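>>> Below: sequence and its predicted model.
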Amino acid sequence: MNEPMDTKQKDDDEIIEKAKALFDESVDSLDAATLSRLNQGRHRALAELQRANPVGPSLRWLPATGIAAAALLAVMVMRGSDGVDVIEAPVTASDFEMLLEEDSLDMLEELEFYFWLEATDLEANGNVG
Amino acid sequence: MTAHTGLFAVSCSREHSTGTKTLQGERQLNQFLAGVERRALRMAEIAVRDRDDALDLVQEAMIKLARNYATRPSTEWAPLFFRILQNGIRDWHRRQKVRNRVMVWFGRSTSDDDFDITANLPDPSGRTPDEQLQTSEAMQQLELAVLNLPDRQREAFMLRTFQGLDVAATATAMGCSDGSVKTHYSRAIHSLRDTLGEHWQ
């Protein structure tokens, strides 16, 4: 009962396999002129793709964007050079560090001595002069 | 200053990324089309029996795919491409029928009833007699048998056997259900077996 069905299936498989092989052979034996025309057709299709999704418009703005950026940079440099908008640098942490150094405190403690020394010198010079 | 430079850099980077994506997509599509074009041509040629017309149909299908479906996932391209091609082939047959009717009306053609497709069949590839000699007789028999199948059976057979699409992709390409594909395909095989006979195998 199953044998005729199996034979039929086998016949079908053979037909399919042979058809596939013959078709593949005919595809492989296409001549150069036909392949060239296919190639041309494909490139026309790809050109259509470029037309549909152009890279151009975004790049088209690139020179204008560059000019605008350069102009902005020039304005910023010019405004900075006339000194009007230049903000003085604030006191930074390094200045405090310098003031709080041990040597600096010693100098403050001896400040009275320096004033006395200066006054003494002035008196001596006055006496001489 | 830094913010401006950053914006410019991001903008350029985005454009560069878009351009790269477009190029990648183009390369992918080119690869896909190069992979299917020869088979598509032979399938169209078997269906319309004219190489020039087949080339036009394939090119038209490639352009339509690029124009309308290039952004779709590449896995969908094969069924979409063959659907476009099959629609083109159907339109071609409709135009031929209209043209034949007009020609008959002007008395320039014999009736379709007298038309024997196997008699004096021109070589579809336009090959020289020497080249024709090299062509396998078995292939010619197969082409004729496939050509004589009803349209839907021919489509199912070519897409499944020649292009190797699975049932689902064939159904998408044909615009019908999986079940219909199986039916058309099965009938096509049986018909070919009867037409070609045991000697062909």
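Yep, that arrived.

>>> In the chain, where is pLDDT below threshold?
Let's take chain A. A:1-5, A:52-69, A:73-115, A:117, A:122-129 (pLDDT under 70).

>>> actually chain B
B:1-21, B:107-136, B:198-201.

>>> how about the helices in it?
Taking DSSP state H, the helices of chain B run over residues B:2-48, B:51-69, B:77-105, B:129-134, B:137-147, B:151-157, B:167-174, B:178-200.

>>> I'd like to know which elements the fifth one is packed against.
Just to be clear, that refers to helix B:137-147. Helix B:137-147 sits against helix A:2-28, helix B:2-48, helix B:151-157, helix B:178-200, with contacts defined as 3 or more CB pairs under 8 Å, 6 or more residues apart in numbering or on different chains; DSSP states H and E. For glycine as for every other residue, the C-beta is placed from the backbone atoms N, C-alpha and C.

>>> how far off helix A:2-28 does it point, in degrees?
100 degrees (axes from the mean of the first three to the mean of the last three CA atoms, to 10 degrees).

>>> residues contacting the residue nearest to A:Arg42 when sequence neighbours are not counted?
Among residues not flanking A:Arg42 along the chain, B:Leu33 sits closest, at 4.8 Å (CB to CB, 6 or more residues apart in numbering or on different chains). Shown in contact with B:Leu33 (CB atoms under 8 Å, 6 or more residues apart in numbering or on different chains): A:Arg42, A:Ala45, A:Leu46, B:Met62, B:Leu65, B:Phe81.

>>> quick one on the thing from earlier: can I get the helices and strands packed on helix B:137-147 in JSON lines with distance to B:Val58?
Formatted as JSON lines, the helices and strands packed on helix B:137-147 follow (distance: least, CB to CB, whole Å):
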{"stretch": "helix A:2-28", "distance to B:Val58": "13"}
{"stretch": "helix B:2-48", "distance to B:Val58": "5"}
{"stretch": "helix B:151-157", "distance to B:Val58": "15"}
{"stretch": "helix B:178-200", "distance to B:Val58": "22"}
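
>>> wait, which of the ones you listed is closest to A:Ala70?
helix B:2-48 (10.7 Å; CB to CB).

>>> export the contacts of B:Leu33 to TSV and tack on distance to B:Cys176 and neighbour count?
As requested, the contacts of B:Leu33 are exported to TSV (distance: CB to CB, whole Å; neighbours: other CB atoms under 10 Å in any protein chain shown):
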residue	distance to B:Cys176	neighbour count
A:Arg42	28	22
A:Ala45	26	24
A:Leu46	31	19
B:Met62	23	28
B:Leu65	20	26
B:Phe81	17	24
